[in-house]
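[1] can't give you the sequence, but here's the structure:
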């Protein structure tokens, strides 16, 4: 009976035990599921926070880059505007200089009495009569009757003349040998542009002025711009000047325009890509003293092709302006007397311009030619000083 009651009691609590076990199972499973979910949620939130921070940094960097790009673009635009302004100013300056070159000759001729007297602390004792040019020099007052030319006195004066030499073919040039062959003393700045400028502005040894300035630009050095202002000033002061300039095609509208204008010549064309057999130069107006004194029989028919590597640029060609009294010395066309010139003399023989490189021809001819340039340029200076001396009371 007792066994039956215990069995009945067990049967009575059996459903509750099963329910209890189910509830316990559900609770355990719920707890087990809840813990990983919380950890996963935390990890996800951290990842989202990191991603948001990275996105914010990226946006900041992008904004900074865009701001920098905007600033750079503004600076570039400002630089472009400034460059445009400079280009416009340079064009206007070149046009103004060109107009000055066109008008300078007429202006000088209209005011011959306003020219300053040249510096001449070592004047000649006699006045030469022959040699040099017979052109009207606006800077030389018309002379009266001149005494006979004394060659010995001129030679003595020439050996004491103040001569300045710039030659960018230093130690290999042809001008220095010509000066040495004539036993002349000179200040040689070699190819140093800074020293050349200093000497040009110095007023000559002891402030006496330069009797002759030689600017021999052959090795493609940068004699341009301000240097042609100084050379023009030297002409105004009465100095003789010899210029070797092969690059007029690039600088014709610059400062050299004033010198070309007062000489009565202008740029014609670039002398380039000429076959060797056609690189011959012919004497123009062969009666000019520069072709004969002190050396005779000079010809430039032995081209060396020295400058063939420089894009075959041999120099430039000049032509006379209408009404010019300049004299052409050498030219690329034997029968043409007013253009295709590679050397010209003007301003009463005080200015000689050569537009080809001296080394384009053999030294045996060119050194003699430079001697003739130097001799006649100094003679023109000597004549100018003598004319002023003669007019003194």
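    Done, it's in. Keep in mind that what you see is a predicted model, and the values were worked out from it rather than measured.
[2] Could I get the phi/psi values of residue 208?
    Phi and psi for residue 208, reported as degrees, to the nearest 10, are phi -80, psi -10.
[3] can you list the weak-confidence ranges in this protein?
    1-148, 220-221, 308-311 (pLDDT under 70).
[4] where do the strands sit along the stretch 151-300 of the chain?
    Assignment of strands within the stretch 151-300 of the chain using DSSP state E, counting those that start in this stretch yields the ranges 163-167, 187-188, 212-217, 240-245, 265-272, 282-283.
[5] Including mean neighbour count, could those strands go into JSON lines?
    C-betas here are computed from N, CA, C, even on glycine. Shown next, in JSON lines, are the strands of the stretch 151-300 of the chain (neighbours: other Cβ atoms under 10 Å):
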{"stretch": "strand 163-167", "mean neighbour count": "24"}
{"stretch": "strand 187-188", "mean neighbour count": "18"}
{"stretch": "strand 212-217", "mean neighbour count": "24"}
{"stretch": "strand 240-245", "mean neighbour count": "24"}
{"stretch": "strand 265-272", "mean neighbour count": "18"}
{"stretch": "strand 282-283", "mean neighbour count": "18"}
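[6] Residue 332 is nearest to which of these?
    With Cβ to Cβ as the criterion, residue 332 lies closest to strand 265-272 of the strands of the stretch 151-300 of the chain, at 6.7 Å.
[7] what lines up beside the closest one in the sheet?
    strand 313-320 (antiparallel) (DSSP bridges).
[8] what angle sits between the partner strand and strand 240-245?
    130 degrees (axes from the mean of the first three to the mean of the last three Cα atoms, to 10 degrees).
[9] What lies in contact with strand 313-320?
    For strand 313-320, the surrounding residues in contact (Cβ atoms under 8 Å, 6 or more residues apart in numbering) are 245-249, 260, 264-272, 274, 279, 307, 326, 328, 331-332, 338-342, 344, 353, 355-357, 360.
[10] All the helices of the stretch 251-393 of the chain, residue numbers only.
    256-263, 363-391 (DSSP state H, counting those that start in this stretch).
[11] Quick one, which of these gets closest to residue 322.
    So among the helices of the stretch 251-393 of the chain, helix 256-263 is nearest, using Cβ to Cβ, at 12.5 Å.
[12] Give me the angle between the closest one and strand 265-272.
    Computed by the same axes, to 10 degrees, the angle between helix 256-263 and strand 265-272 is 120 degrees.
[13] returning to that earlier point: just the buried subset of the contacts of strand 313-320, written out for ChimeraX, thanks.
    With 16 or more other Cβ atoms under 10 Å as the criterion, this ChimeraX line picks the buried residues out of the contacts of strand 313-320:
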select :245,246,247,248,249,260,264,265,266,267,268,270,271,274,279,307,326,328,331,332,338,339,340,341,342,344,353,355,356,357,360
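[14] okay but residue 166 is in contact with residue 218, surely?
    No: with contact defined as Cβ atoms under 8 Å, residue 166 does not reach residue 218; the gap is 10.9 Å.
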